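Undergrad: With the input below, show me the fold.
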Amino acid sequence: MSLSSLLQLPVWLLALVGLAALALALLLAAPLTQPPPLASIHAGAMAIDQEGKPELSRFQARDGTWLAYRLYPAAHGDADRLAIVAHGSTASSDEMHVVAEALAAAGVAAIAFDARGHGASGTRGDIGYIGQLDDDLADLVAHLRAAYPKARLTLIGHSSGGGFALRIAAGPLGPAFDRFVLLAPYLGYQAPTNRPAEGTGLWATPDIPRIIAIMMLGRIGIDWPQSLPAIAFANPPDAAMFVISHYSFRLMVDYGPPQDWKGALQAAAGRIDLISGESDELMDASAYQSVVAPLGVRVTLLPGVDHMGIVHAPAALAAIVAAATR
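TA: Below you'll find the predicted structure:
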């Protein structure tokens, strides 16, 4: 190679770096598209009775942030069972009020919490780092142990909260829980349990170009773009006071299932109950029976119950209580 060629090499390298940087910048700048409101989800949320909802309590997470939850003491003061209840995507502890109330009436103390980034916990739509929700749950468990030192713990999660519960089941915090109850759980965008994301089933629209750029930058140690909005949800504008419309990349990753959902189910087999409605418009209930049940998971399908009905329909409440008290 001639001297002139060697001198020109850095120029070509700089040009390539510049083009790569420009491409990543264009990917990051791709706009987030808001899906049209999904009427069935909004109507289902509005059907959840909020009468008798306890006031918010708070505990301090390891980063100093005060996070919110609602406490439902068990009937007759029982303290041998405690259920921690996780809401679905964009929601808050309000969504799980009727579930927690039913558990308490059956003798199971219940905690419905606002996951960080939701409701009254932290910055809405964002968290500080991937893995923070796991740390928050560990801090919540430690906080609750002061009042319930010997209680058997159950983690119950709905939709994305169900995916989160599954990730916890197969992770380091899993042994802290005696049982897991997954309510119409979201198992990942490639899972066969998802219905096609279109029409009546279009709940969320991810910003694929931005997600690709964030993942590429993360591989070289650049993590600041993880705070950018990466997925939008089909909530109506007039619900903004109660729910959130988008997640940052890091919240999207954290509040959901593990990458290997099948391996997670197998790892926690025998300790998981899955309950879904046969009329679920977002999840394919029949796939839960055909794909999940063979992995050692007890699957219960409820006729006439849809995605939001699973957290307030009488048949669903009875099934949840049965699973948590088994």
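Undergrad: can you give me the helices for this structure?
TA: For the chain, the helices defined by DSSP state H occupy 3-28, 39-46, 97-105, 132-144, 160-169, 208-218, 249-254, 261-267, 285-287, 314-324.
Undergrad: Any chance of a markdown table for those, columns mean neighbour count and distance to Pro192?
TA: Heads up, the C-betas are built off the backbone N, CA and C, glycines and all. Shown next, in a markdown table, are the helices of the chain (neighbours: other CB atoms under 10 Å; distance: least, CB to CB, whole Å):
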| stretch | mean neighbour count | distance to Pro192 |
| --- | --- | --- |
| helix 3-28 | 11 | 29 |
| helix 39-46 | 17 | 22 |
| helix 97-105 | 23 | 26 |
| helix 132-144 | 19 | 26 |
| helix 160-169 | 27 | 14 |
| helix 208-218 | 18 | 21 |
| helix 249-254 | 24 | 21 |
| helix 261-267 | 19 | 10 |
| helix 285-287 | 18 | 5 |
| helix 314-324 | 20 | 23 |
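Undergrad: and of those, who's closest to Met241?
TA: helix 39-46 (12.6 Å; CB to CB).
Undergrad: Show me how far that closest one is from its chain's centre.
TA: Centre-to-centre, helix 39-46 and its host chain are 18 Å apart (CA atoms, centre = their mean, to the nearest Å).
Undergrad: Restricting to C-alpha, output stretch 71-91 in PDB.
TA: C-alpha atoms of stretch 71-91 as PDB (Å, rounded to 0.1, in the frame of the first residue of the first chain):
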ATOM      1  CA  LEU A  71     -52.600  -2.500  51.700                       C
ATOM      2  CA  TYR A  72     -55.600  -4.800  52.000                       C
ATOM      3  CA  PRO A  73     -55.400  -6.500  55.400                       C
ATOM      4  CA  ALA A  74     -56.800 -10.100  55.500                       C
ATOM      5  CA  ALA A  75     -60.100 -10.800  57.100                       C
ATOM      6  CA  HIS A  76     -59.900 -11.700  60.700                       C
ATOM      7  CA  GLY A  77     -56.400 -10.400  60.900                       C
ATOM      8  CA  ASP A  78     -54.800 -13.400  59.200                       C
ATOM      9  CA  ALA A  79     -51.100 -13.000  58.500                       C
ATOM     10  CA  ASP A  80     -49.900 -16.300  57.200                       C
ATOM     11  CA  ARG A  81     -50.500 -15.500  53.500                       C
ATOM     12  CA  LEU A  82     -49.600 -12.400  51.600                       C
ATOM     13  CA  ALA A  83     -50.200 -11.700  47.900                       C
ATOM     14  CA  ILE A  84     -48.400  -8.900  46.000                       C
ATOM     15  CA  VAL A  85     -50.500  -7.900  43.000                       C
ATOM     16  CA  ALA A  86     -49.000  -6.300  39.900                       C
ATOM     17  CA  HIS A  87     -51.200  -4.300  37.400                       C
ATOM     18  CA  GLY A  88     -51.000  -4.400  33.600                       C
ATOM     19  CA  SER A  89     -49.200  -2.100  31.200                       C
ATOM     20  CA  THR A  90     -49.800   1.700  31.700                       C
ATOM     21  CA  ALA A  91     -52.100   1.100  34.700                       C
END
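Undergrad: Tell me the gap between that stretch and the middle of its chain.
TA: Here the centre of stretch 71-91 is set off from its chain's centre by 17 Å, with CA atoms, centre = their mean.
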